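Peer 1: For reference, the sequence and a predicted model appear below.
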Amino acid sequence: MIQTLTTSEAAHLLLQDDNANWSRSGAYALIEYLEEHEEESAPIEFDRVGIRCDFDEYSSATEAAAAYDFTPEPGDDEETTEAEALKYLEDNTQVIQFDGGIIIQAW
């Protein structure tokens with residue numbers, strides 16, 4: 001049995017996951033990202049536990065990169081550090097930027 005979810009329904013299911021800390025904006029950004037990468041011939045099976053295990057939301061690229069041993073250059077300002085952290089993440093994983101934060105695919 002297959003049930004097709006709208007973007008809002010899928011985001012709402014993510015937000016109901018008590019073991020995840022998705023923001024509303026982050027949940028929508030992640031679902032929209034997954035929809036963009038879904039192939040029509042092979043739809044994605046919605047699995048909020050799998051999504052929770054595969055993706056992490058952070059408030060900034062610097063925060064996300066720090067979780068993966070990124071060390072900013074001494075003396076860099078906040079803007080430069082954020083740009084370097086974003087590049088580090090993009091070189092290593094999938095990055096979803098949205099207003100209010102960033103989601104990365106865990107690696």
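Peer 2: Looks like it came in fine.

Peer 1: Check the burial of the residue nearest to F98 when sequence neighbours are not counted by counting its neighbours.
Peer 2: Leaving aside its chain neighbours, F98 sits nearest to A29 (3.6 Å; criterion: Cβ to Cβ, 6 or more residues apart in numbering). The C-beta positions use only the backbone N, C-alpha and C, and glycine is treated the same way. For A29, the neighbour count with other Cβ atoms under 10 Å is 22.

Peer 1: Now do the helix ranked longest in the chain: everything it contacts.
Peer 2: Assignment by DSSP state H gives helix 78-92 as the longest helix of the chain. Applying Cβ atoms under 8 Å, 6 or more residues apart in numbering, the external contacts of helix 78-92 come out as 60-62, 64-66, 68, 70, 72-73, 76, 95, 97, 102, 104, 107.

Peer 1: what does stretch 8-20 give?
Peer 2: 5, 22, 24, 27-28, 30-31, 34, 46, 48-49, 51-52.

Peer 1: top of those residues by neighbour count?
Peer 2: A27 (26 neighbours).
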